[in-house]
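Enquirer: The sequence and its predicted three-dimensional model are supplied below.
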Amino acid sequence: MSKDIRIKKGLDLKLKGNAELQISDVSRSKVYAIKPSDFHGVIPKMIVKEGAIVKAGEAIFYSKNDESVKFASPVSGKIQEIKRGDKRVILEILIAADSQDNHLEHSKKTPKDLSSEEVKAHLLASGCWPFVKQRPYDVIASSEDTPRAIFVSGINSAPLAADLNFTMKGKQDALTAGFTALTKLTSGKVHVTVSPSADFMPNVDGVSIHKGQGVHPVGLVSTQIAKIDPINKGEKVWTIQMEDVAIIGEFFLTGKFNVQRTVALAGTGFKKPSYVNVIIGAQMTDVVADNLHDGNFRIISGDVLTGTTKSKEDFLGFYTNTVTSIPEGDDYDFFGWNIPRPNKFSVYRANMFSFLTPNKKYDLNTNTNGEHRAFVLTGDYEKVFPLDIFPVQLLKAILVKDIDEMEALGIYEVAPEDFALTEYICASKQDHQRIIRHGLDVMIDEVG
Amino acid sequence: MGLKQNLHNLKEKYRGTNFEQGFNALHTFLYLPNTTTYGGTHIKDATDLKRVMNTVIMAMVPVLIFGMFNAGFQYYSQINGFPEGISFLSSEFWTLANLLIGAEKILPLVIVSYGVGLGIEFIFATVNKHEVEEGYLVTGMLVPLIVPIDLPLWMLAVGVAFGVIIGKELFGGTGMNVLNPALTIRAFLFFNWAAWMSGDKVWVYGAVDGVKKAGGVDAISGETILGTLAANQTPNFTASDMFFGMIPGSVGETSTFLILLGAAWLVFTGIGSARIMISAVVGAIVMGLIFNGIVDAGVITETSKFYGLMSFPFWQHLIIGGLAFGIVFMATDPVSAAQTNQGKIIYGFLIGFIGILIRVFNPAYPEGIMMAILLMNVFAPTIDHYVVQGNVKKRMKRLKTQTA
């Protein structure tokens, strides 16, 4: 049964630098990298050594805790270096890319004719499995589970995020194959939520399509799960990004692990915000190319609320569909704490007049606009938090590591990204997402 | 090299020294710091706690200025007799002479309150190596507004020290305290020096010194309306005087009109909780109506010592004493109030309800709002607990129906 999801509690931050709907050319990187830090909680065990020659789609490491989960090279080439940090933790695996990809050829399969086990085995062998994440805990799904349901968000509602209507154009066949494969993996349903104007979503047997509208976080999958079929204690559901369903589908159709995405370059740091076709793991300097303005800008792999800071020498994240660049805010502001600032945005009206111009677009920088403090204000987070959860109480339960309380207050239903908006509006400048991630990690250790 | 660069160099120089916290407190007062986001959201809202606290202080400035004029007005009126037909906009009220009396008495209260309180905050921040927090900016402004004008400065200093150290820093500083710090200070002053905090001598400048009229009669009787009512007499002021605030009382509590302006500003800016304010007013009205009903039913007669306050029209309870000030500026303190939205409604209602109850039944101290707020501060976590349990139960029920 299809549901209409309307989100009123939330916030659409209006930023300058929306990506124009056209594809810019970028050159292929010489070096690609896979960073285990993109896969939270995974302890990598290397399969190949430095200097080995790999094909695109060939497994280069696996997860220590779940050995059947393999991570594949996005390109063909030579393992240039395995960078390690303290205690020999693997930081990144650099692959010197061939000029043309030589793919590991899997057999082409029609998902419709496969059994659940066959689909699973095929995904595990291909390197596509890490796209599948599980709730609770927001980590890569365990290959032994059968989820109650699978949720895919068809809305990117974060500020400046890639427009799925554009990036999914012409991928109907891949999506059909991908979703058919997903329906095999769950005992329940596959739920997809799209905006009413979406035109990319094919009709697939066993997939319920819901309509979501309203403000961010309508596009976050936790919001959709809560409205469609909330997670209870002891249950597992899986989530996959729409872009990755297309990659999975393409794999079934072609037998090749081709992890190319259409990524939005957005924000005022770019001369010409637009889209590029890149392979994940590409070096940032090739992704942003000469599109970046000179000056002090931050490059973010992801959106401004949940992404990670990257230098130009760094690499595109595994799950990224947006690269944002905004000005750094490392400057003092004379009496910036009390006089009105027309170039900044606030949800409060405390000497801030941004409420007068609700449609104005802002060029926000990375200044924290104040220092870290204890929680003081109350009742504000709830205005941008659509889940039926008490956000402050949950955060405080995590800070004091009260496991029973965390469970009672609904930690199983959230991911760090759900607390991005509360973190944005927090007048005490607390880092909510880190606290939630920590709480989830405590639960993994204590409850599993 | 501008000021900005020089201060930045000093900041680097003091990093890690004992001057760090104190310098940063002053530096961040001049300049919003240059810190950038790290590890979470890459952008942050323009509002921080300094901006929030500043907004609350702005709401109190009109009340403070009015309090200064009113102090002079009460003083001269008692000596020269009340002018007839005075109103809020009368030129007899807004005179320089009135202001000077008020400034002479009230500015020292403000200075001592901020000096002692912020001094202690700086010491604690330096010793404990944390930033100087903004909470006291509001507390320091509240305190002079809720004490009688003739309170000796040394008492105020001792009270502030007690309130900040015992009421706040022992719990871990701003955001961690259970009780509202300003009311902790007032309660401490009241229970230590009751004669200076209540009665009929302290509310008007000069009453304590016994300024004499020609003929040796005490010129100034500084009794508040609540005091008059508790003595079963009829107060000499019109409802308009009470609403606009040309009456004796603590420095900032008298003008309900300006307090309402402050309330409107707090609610408009999204800083003060309208839920608490409205439900507290409703609670006070309900209790007032109950007492009026008891009097109308003839249960309490004029011989009862409670008759004066019980028969006082319920709506006038809202515009005398510290009720309005307490509800708007202190019940809404987010740290010590209930934190959930439903909890705030219950919390506010009980403050108004109990506030009037104590006002009527406590003959020694006919001002109940302070005790009511402190009491509800203590119960706020309990109220929140039951509201949160509602959410928890909903989740448990969902789990049961799912597995059943």
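Expert: Noted; the coordinates are in hand. Note that this is a predicted model, so its numbers are computed, not measured.
Enquirer: Tell me where the model's unsure across chain B.
Expert: B:1, B:84-85, B:199-201, B:206-223, B:363-366, B:403-404 (pLDDT under 70).
Enquirer: State which helix of it is the longest.
Expert: helix B:369-403 (DSSP state H).
Enquirer: Is that helix in proximity to chain A?
Expert: Yes. For helix B:369-403, a contact with chain A is found by Cβ under 8 Å from any Cβ of the partner chain, at B:384, B:388, B:391-392, B:394-396, B:398-399, B:402-403. For glycine as for every other residue, the C-beta is placed from the backbone atoms N, C-alpha and C.
Enquirer: Filter the residues you listed down to just the buried residues.
Expert: Neighbour-count burial (16 or more other Cβ atoms under 10 Å in any protein chain shown) applied to the residues of helix B:369-403 next to chain A gives B:384, B:388, B:391-392, B:395, B:399.
Enquirer: Count the residues that sit near the closest residue to residue B:384 other than its chain neighbours.
Expert: Once flanking residues are discounted, residue B:384 sits nearest to residue B:343: 4.6 Å by Cβ to Cβ, 6 or more residues apart in numbering or on different chains. Residue B:343 is flanked by 24 other residues according to other Cβ atoms under 10 Å in any protein chain shown.
Enquirer: quick one: residue B:343 from residue B:391, how far?
Expert: 12 Å (Cβ to Cβ, to the nearest Å).
Enquirer: Now for those two: what residues contact both?
Expert: Shared contacts of residue B:343 and residue B:391, defined by Cβ atoms under 8 Å, 6 or more residues apart in numbering or on different chains, are absent.
Enquirer: For whichever residue of the stretch 301-448 of chain A sits closest to chain B, what is the enclosing helix or strand?
Expert: Among all residues of the stretch 301-448 of chain A, residue A:370 sits closest to chain B, at 2.3 Å; criterion: Cβ to the nearest Cβ. Residue A:370 is part of no helix or strand, with elements assigned from DSSP states H and E.
Enquirer: How about the contacts made by it?
Expert: Residue A:370 neighbours (Cβ under 8 Å, 6+ apart): A:337, A:427, A:429, B:32-33, B:44, B:47-51.
Enquirer: Now chain B against chain A: closest residue?
Expert: For chain B, Cβ to the nearest Cβ, closest residue to chain A: residue B:48, 2.3 Å.
Enquirer: hang on, that residue packs against residue A:429?
Expert: Yes. Under the criterion of Cβ atoms under 8 Å, residue B:48 makes contact with residue A:429 at 6.4 Å.
Enquirer: Among the two, which residue is more densely surrounded?
Expert: Shown here are residue B:48 and residue A:429; by other Cβ under 10 Å, residue B:48 has more neighbours (29 against 19).
Enquirer: what's the spacing between the more buried one and residue A:349?
Expert: 14 Å.
Enquirer: neighbours around residue B:171, how many?
Expert: Residue B:171, neighbours per other Cβ under 10 Å, totals 15.
Enquirer: Excluding covalently adjacent residues, which one is nearest to it?
Expert: residue B:177 (4.8 Å).
Enquirer: my guess is the one you found is in a helix, correct?
Expert: No. The assignment for residue B:177 (DSSP: H, G, I helix; E, B strand; the rest coil) gives coil, which keeps it out of a helix.
Enquirer: quick one, phi psi at it?
Expert: Main-chain dihedrals, residue B:177, degrees, to the nearest 10: phi -70, psi 150.
Enquirer: Surely it is in contact with residue B:333?
Expert: No. Counting by Cβ under 8 Å, residue B:177 does not reach residue B:333; the two are 9.2 Å apart.
Enquirer: Without its sequence neighbours, what residue ends up closest to residue 75?
Expert: All of this refers to chain A. Counting by Cβ to Cβ, 6+ apart, residue A:97 is the residue found nearest to residue A:75 once chain neighbours are left out, at 4.3 Å.
Enquirer: Please refer instead to chain B.
Expert: In space, and not counting its chain neighbours, residue B:75 is closest to residue B:205: 4.7 Å by Cβ to Cβ, 6+ apart.
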